[in-house]
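Asker: Pasting the sequence and the predicted model now:
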Amino acid sequence: MKNFCSQSKKGFTLVELLIVIGILAILATVTVLVLNPAQLFAQARDSQRIADIGTLRKAIAYYLSTASSPDLDGATIDCSTRCYVQTTGLTGNGCAGAGTARHGTKTVTIDADRTVDVTGWIPVNLASSTSGSPISVLPVDPTNNTTYFYSYACDNTNKTFESARYIQGGSDDKESTDGGNNNVMFELGTAPLNL
């Protein structure tokens, strides 16, 4: 007589699989609601903006301290009447974005070039610093549209400059505590109150 062993099949039933899939769906939904990826991406863009503006400020300050005769407006354009941006589509004066003029009544100058010589969107020859340019390319806003963009203005006589970024939109308020003259924009430079 042969001995037959009963073998049980191992695996999940359809009901068990549906329960596991349901639990995973609930966990995924809760995770998305708690983490809010859109807000995390917005915070990452804001962090990038603050870092970029700080880098620009340091690069221009380095240029001012090392160039034998620093020129903040490219020698041919008077920055006392102009503000500079890299993004396209802006109209009006003062580098206005989302209806807010960043630099008073200055005329907007748009240049898509990101080189660090005088032909870039910031008309400062950072490459002429003693050890060369401290940055390899001029940064642009992570979103870079007519609402969120970087702008630059200067006073070549007093050798002061101002850089500004996006309109205020978050709960992490850096705009009203940056020392600038506009509480809805993040501003850095050597004289942000005067431009």
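Answerer: Received it, and whenever you're ready, just let me know what you need.

Asker: Just checking, which helix or strand of this structure averages the lowest pLDDT?
Answerer: Scoring the helices and strands of the chain by mean pLDDT, DSSP states H and E places strand 160-167 at the bottom, with a mean of 63.

Asker: Can you name the helix or strand that the most centrally placed residue in the chain falls in?
Answerer: Closest residue to the average C-alpha location of the chain: R49 at 2.7 Å, with C-alpha atoms, centre = their mean. Secondary-structure assignment from DSSP states H and E places R49 in helix 37-66.

Asker: all strands of this structure, in order?
Answerer: For the chain, applying DSSP state E gives strands covering 82-85, 107-110, 151-155, 160-167, 185-189.

Asker: Please tell me how far the second one is from the chain's geometric centre.
Answerer: To tie it back to what came earlier, the one meant is strand 107-110. Chain-centre distance of strand 107-110: 19 Å, with C-alpha atoms, centre = their mean, to the nearest Å.

Asker: contacting residues around the residue nearest to S136 when sequence neighbours are not counted?
Answerer: Among residues not flanking S136 along the chain, V116 sits closest, at 6.9 Å (C-beta to C-beta, 6 or more residues apart in numbering). For glycine as for every other residue, the C-beta is placed from the backbone atoms N, C-alpha and C. For V116, the contacting residues are A59, N125, L126, A127, S133, I135, S136, V137, L138, by C-beta atoms under 8 Å, 6 or more residues apart in numbering.

Asker: State the distance from I19 to L27.
Answerer: Spatial separation of I19 from L27 under the definition C-beta to C-beta, to the nearest Å is 13 Å.
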